[in-house]
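Peer 1: With the input below, show me the fold.
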Amino acid sequence: WTGPTSNVLNLSSLMMRGTVVNLQLVARHGERPRAVVEVRALVDHGLEGDIHGKTKPGSRRQVLLADRGTLEGLGLRPGDLRDQITVDLAVLERLPAGTRLQVGEATLELSGPCEPCTHIGALNGVSDPVAFQETLRGRRGQLARVVAVEGAGAIRVGDPVVVRDPVPR
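Peer 2: I've put the predicted structure just below:
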């Protein structure tokens, strides 16, 4: 079928795909994330070498994903919001908790939006941390858990991001 409906379906499926554009690891709380080209996802822990990967199993904050377009719209760079995975996926903020993403060799399950913490403004050196925190509401990305890996669980810059089982709002 080559009518208008097929174009809508193709456009819809394209919107559910993205790319990993940056990867960052946070070694210690309060430190600037360090950019890397590859990370290893660990089931129920997060990313190897990241402070959040040391949290107790089952934590909803194992990985933070942020959309590049959202960061650019806020005048921010990858890692400024302490995101470990920066993606080019415009629908990220609209995906509900429970949505699964295939990111490289890892399957991540969204836990929900990341609420801006009280100190995120100070970490970024902004003049009005309270206003900055308010600006981030609903725009700080999505928290996720690592629920499965294939192979070594590698995630690399340039890897595809595919939305699985979405229930878009």
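
Peer 1: Could you tell me how many residues sit around Met16?
Peer 2: Neighbourhood size, Met16 [other C-beta atoms under 10 Å]: 17. Where C-beta positions appear, they are placed from N, C-alpha and C, glycine not excepted.

Peer 1: So it is in contact with Val163, correct?
Peer 2: Yes - applying C-beta atoms under 8 Å as the test, Met16 and Val163 come out as touching, 4.0 Å apart.

Peer 1: anything in contact with each of the two?
Peer 2: Val91 (C-beta atoms under 8 Å, 6 or more residues apart in numbering).

Peer 1: What residues does the residue nearest the centre of the chain make contact with?
Peer 2: Computing the C-alpha centroid of the chain and ranking residues by C-alpha atoms, centre = their mean puts Leu65 first, at 1.0 Å. Residues near Leu65 by C-beta under 8 Å, 6+ apart: 83-87, 92, 101, 108, 141-142, 144.

Peer 1: and it, bridged to which residues?
Peer 2: Judged by DSSP bridges, the bridge partners of Leu65 are Ile85, Gln142.

Peer 1: mind checking the end-to-end distance for stretch 44-51?
Peer 2: 14 Å (C-alpha to C-alpha, to the nearest Å).

Peer 1: and that stretch, how far out from the chain's middle?
Peer 2: Going by C-alpha atoms, centre = their mean, to the nearest Å, the spacing between the C-alpha centre of stretch 44-51 and its chain's C-alpha centre is 14 Å.

Peer 1: ok, now stretch 78-90?
Peer 2: 5 Å.
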